Every structure is written in structure tokens, then in C-alpha cells.
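Asker: Compute the structure for the input listed below.
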Amino acid sequence: MSADEKNAIIQIQNLKTWFLVTKGAFKKVVGYVKAVDGVSLKVYKGEALGIVGESGCGKSTLGKTIMLLEKPTGGKILYNDNGTFKDVTQFNKQETFAFRKKVQMVFQDPYSALNPQKKIYTSFEEPLKVHGVKTQEEREAAMQKVLKMVNIQPEYLMRYPHQFSGGQRQRLCIARALVVKPDVLICDEPVSALDVSIQAQVLNLMKDIQKELHLTYLFIAHDLSVVQYMSDRIVVMYLGKIVEIADSKSLYDDPLHPYTRALLSAIPVPDIHNHKKRIVLEGETPSPIRKPSGCAFHSRCPNRMEICKTVDPALLHRGQNGHMVACHLYDDKVEGKSAVKMDGKGSALEERADSDEKY
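Answerer: Numbering: from 1, shown residues only. The predicted model follows:
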């Protein structure tokens, strides 16, 4: 086993999650929604891996598939269990139960993540009972420990969810995920439903908890500023595929994929004197049921070429520190490429140099 594999806690290999599209009374299959379509990825121990993209790109489905909340159509999810990689997709019921103790999830909506008919105490106690914490003293000690981490008073355990604010509910959801002592925390848009002032508190809290418990985060979000603050590495997804992977600094300082550059150009700059060039993409995101041939982004790309219509680019190393991109612009074998220049601030200055064809 290589050093790279030893440091990985999760390896995803060609993962696919497709949903059937049926029609008529007899439920005839007429297509598939390819929410996750051939994703390969390594998640390293102790890192915060951000996953970004437009709504519908498949980032939340990827997180749910890793948790086995969605059944994968194909591929493998390998989990590093004390030095041995085991395929999660082949787990039986007992193995899945043990896996879910080690990998927990914080959902987007704190209002629906807690049972409104049960007190917070019960919501915390049930997972501890299920996972073998037998005595009430041990369970209450575990509850008080995680509540202290998220700055919630222990006496609040006897309240119902409706008696808390949105920020408090999300902190309770984080605490409930931590109470069984997981190794990995999958955070699906954990602050998108909160006010901006509360978002900052929750994000700082999560960073402190990660440092204290040496957790691994998969941080799914569409707010690029939040992802930059939270993540060590960032994965950019488009229509179920990964188009770029880089460490946080490299991605924001020198984005390679045209889609990544367009996303970054939309981040507001808190300076009225700094006029940032906005890259506005043409058209709408294609349907995941009927994806374009070749590169899925070619119908909206300002740098598209003829090869983009027919050949899907592979995700390859095209930079330092493991920077990877899936784009023909960086393929040395492709002739007549567009020249792509950067202005040093993350804004792209594109020059068409290949063709006068109109799209």
C-alpha cells in the first residue's frame, strides 16, 4: 500500500448514482437521471474536502451515496478500516450499521433533521443506545461533552426542537452527529439555511471541533466563500462529474476550468472600488437526463472547440500540488486550442484563436 493510500480514509472509484425515469401506468423506463456519473476521488484523513457546484450538479447525492442513503448504480466506495480498505457498497446490514457510526452526516435543513415530537434528550439518547452505550450515566456524560463543544446548555436537552433558533438547531444537529464519535463528518450545506451572522459562528465552531477531534470533513456547499474558508482541498462538480480538483489556494488563485472561473467570478468583492470582471455563462444547465455528448459543459463554454462536442475530457494532473482538471484546453495533443490567459485575480481574459464558427 502506497503512502498516498495509507493517508486516504475514503477512496471513491468510478461511482455512479442514477435514478430511473419512468412513464405511463406500466412504469416504462424512458431514461435515467445521472446525478453522479463516474466520480473517482480520494479523501484524506484529517482534511476538509470542499465539494462545490451549481444546484443539480450531484454534490448532495454524492454525499448521500457515500453514507449509503442512496443506492449506487455502479462503482466502489472504499473505506479505510484500520489499514484495510473495504468496499462499502458490498456491506451487509451489520457492516453498514458499524460503518454509519464511523461516518456521520449533518443535513442542510436543521428544522426537519430533528423529530418535532421528541425532546432533544431522546434524539441524542437513541443513537447512543443503538450503538451500545448501555448505562444512562455514560450516555449523559457523552451528551454533555458534545453539547459543551457546541455551546449549548445541558438543561436544554429537555426542550423540544421548536423552542430553539435555527443556529441552535444546527449546532444540536452537529452535536448529535458527534455523540457517537465518528471519524468522518459529511456536511451537506450545513449553514445555507442560517442567517449570515449565525453562519460565521457555526463555521468557526466546526473548524474548532475538527481541530480538537481530528475529524475528516466532506463539506458540501454552493457558497464559494464559505468553502474557501473551510476547505483544504476543493472539488468542483458539473452535471454529475468532477471538472477540477485543487487545494484551496491554487483553485482560487489560478482556476483552470472555464466553469470554475465563471463560478469564482460570481463571488462578491467587499470593495466598491475593486471592479471584478464577471463571466456570464450562456444558456441554462443541460438536463441530467439528456446530457450533451462529449464535454457536458461545451454548450455553455466560452472556450469550446470542435473536439469538446464529441470527446469527454479525462480528469488529469495539470498543475502543481495535485491540481487536476478535465478540459481539452490543457491537452497538448489537441490542435487549434483557445488561448486562455489569467489576470492574476482569478478573472479570465479569453481570446478565441481557433475558429470563427458560431455556436
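Asker: any idea of the mean pLDDT in stretch 244-251?
Answerer: The average of the pLDDT scores along stretch 244-251 is 94.
Asker: What strands flank the helix or strand harbouring residue 242, and is each parallel or antiparallel?
Answerer: Assessed by DSSP states H and E, residue 242 sits inside strand 241-247. Take DSSP bridges as the rule and strand 241-247 pairs in its sheet with strand 233-238 (antiparallel), strand 324-325 (antiparallel).
Asker: Need those strands in a markdown table (columns: distance to residue 190, mean pLDDT and mean neighbour count).
Answerer: For the C-beta atoms, the positions are set from N, CA and C on the backbone; glycine is no exception. What follows is the strands paired with strand 241-247, written out as a markdown table (distance: least, CB to CB, whole Å; pLDDT from 0 to 100; neighbours: other CB atoms under 10 Å):
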| stretch | distance to residue 190 | mean pLDDT | mean neighbour count |
| --- | --- | --- | --- |
| strand 233-238 | 16 | 96 | 25 |
| strand 324-325 | 26 | 94 | 21 |
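Asker: which residues in the stretch 101-250 of the chain form helices?
Answerer: With helices called from DSSP state H, counting those that start in this stretch, the stretch 101-250 of the chain shows them at 110-113, 120-130, 136-149, 166-178, 196-213, 224-230, 248-253.
Asker: Which one, of these, ends up nearest to residue 82?
Answerer: Closest approach to residue 82 among those (CB to CB): helix 196-213, 18.0 Å.
Asker: tell me the angle of the closest one relative to helix 166-178?
Answerer: Interaxial angle of helix 196-213 relative to helix 166-178 (axes from the mean of the first three to the mean of the last three CA atoms, to 10 degrees): 20 degrees.
Asker: quick one: low-confidence ranges for the protein?
Answerer: 1-3, 271-275, 334-359 (pLDDT under 70).
Asker: can you map out the strands along it?
Answerer: Per DSSP state E, the chain carries strands over the ranges 8-23, 28-44, 48-52, 74-81, 84-87, 103-106, 184-188, 216-220, 233-238, 241-247, 316-317, 324-325, 339-342, 348-351.
Asker: So for the first one, what gets flagged as buried?
Answerer: Neighbour-count burial for strand 8-23, with 16 or more other CB atoms under 10 Å as criterion, is recorded at 8, 9, 10, 11, 12, 15, 16, 17, 18.
Asker: Find the nearest non-adjacent residue to the fifth one, please.
Answerer: Computed as CB to CB, 6 or more residues apart in numbering, the closest residue to residue 12 that is not its neighbour in sequence is residue 41, at 4.4 Å.
Asker: Before I go, just wanted to say thanks for your time.
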